[in-house]
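*Asks:* Pasting the sequence and the predicted coordinates here, then a few questions.
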Amino acid sequence: MTDLTFSSGFVQAREKGAVLHLTLDRADKLNAMTASMYQDLTRAVNHLAERDDLHVLLLTGNGRAWCAGNDIGDFLNADPASRDNGTLSPAMVLVHALMALDKPVVIGVQGNATGIGTTLLLHADLVVAADDARFQTAFINLGLVPEAGSSLLLPALIGRQNANRLLLAGDTLTAQEAERCGLVAYRVTPDELEPAAQALAQRLAEKSPAAMAMTKQLLRQSETAIKTQIEKESVLFAERMFSEDTRERFAGFLKGGK
């Protein structure tokens, strides 16, 4: 067991060998993320960074979805002043923590991977997807813009046309499409997902921590460019989030509209 303490009630943590396994546990809401969940995850990432005996982070979600994005109710209840003076949202604080982590991050994805459920994958090292996984950024459908550096990272990773399918057309990628374009590394059956992700995390944990950290540093793209893009995205995201148009879309979404 880990000595981590969380406040959201929707994140579980356990240690297995040198792996810290975090599980999103809000299955009735398809693991939609709240501010307190982001804060719990950030606390765990920082905890992992300080532990010499933990070498790998594994992220999974309980239930039929990995993560259905940000909780729309949280968006509606957000205080406009919370984004003043360039303050990062809890979600982007988590992204920055993942970017700074010199230990490998594995994410297992089943069902919906929507919004941050997809863009968070861009800050993982290896993604294992079940055949039933579906990837959609959905920002454009809610009158929002990309976040988490996805407007920079997605075209570089999966190509401009595939990125535009997600960010402009609002398309959904199947697990097969996501594997083919490089958004995920491995594709398995739903029953195989949990053991496959755990086995991969354990395999990484057995490798040299020093070599792993150095390799991540060599592979890492320019943090300056990504952070600059996140800042640009965050300003526009906040502008759109508090616009009348987008808030009407949020309200419609909560009422079951499209």
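*Replies:* Good, I have the coordinates. Numbers count the residues shown, from 1 in each chain.
*Asks:* Quick one: the strands in the chain, in order.
*Replies:* In the chain, the segments counted as strands under DSSP state E are 11-16, 19-24, 56-61, 105-109, 112-114, 126-130, 134-136, 173-174, 186-188.
*Asks:* which regions of this protein sit below the pLDDT cut-off?
*Replies:* Scanning the chain for pLDDT under 70 picks out 1-2, 82-86, 257-258.
*Asks:* now the helices: where do they sit in it?
*Replies:* 35-50, 72-77, 90-100, 116-119, 150-158, 160-167, 175-181, 190-205, 209-219, 223-241, 244-254 (DSSP state H).
*Asks:* Helix 90-100 and the longest one, what's the angle between them?
*Replies:* In this structure, helix 223-241 runs at an angle of 170 degrees to helix 90-100, with axes from the mean of the first three to the mean of the last three C-alpha atoms, to 10 degrees as the basis.
*Asks:* Can you name the residues in contact with helix 223-241?
*Replies:* With C-beta atoms under 8 Å, 6 or more residues apart in numbering as the test, helix 223-241 has contacts from 75, 78, 80, 83, 86, 88-89, 92, 95-96, 99, 143-153, 246-247. All C-beta atoms are positioned from the backbone trio N, CA, C, and that covers glycine.
*Asks:* thinking again about what came up before, please convert the strands of the chain to a markdown table, extending it with mean neighbour count and distance to N46.
*Replies:* Shown next, in a markdown table, are the strands of the chain (neighbours: other C-beta atoms under 10 Å; distance: least, C-beta to C-beta, whole Å):
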| stretch | mean neighbour count | distance to N46 |
| --- | --- | --- |
| strand 11-16 | 17 | 13 |
| strand 19-24 | 23 | 11 |
| strand 56-61 | 26 | 11 |
| strand 105-109 | 27 | 13 |
| strand 112-114 | 28 | 24 |
| strand 126-130 | 25 | 21 |
| strand 134-136 | 23 | 27 |
| strand 173-174 | 19 | 31 |
| strand 186-188 | 19 | 28 |
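*Asks:* could those go into CSV alongside distance to S222?
*Replies:* Formatted as CSV, the strands of the chain follow (distance: least, C-beta to C-beta, whole Å):
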stretch, distance to S222
strand 11-16, 30
strand 19-24, 27
strand 56-61, 22
strand 105-109, 19
strand 112-114, 26
strand 126-130, 21
strand 134-136, 25
strand 173-174, 26
strand 186-188, 27
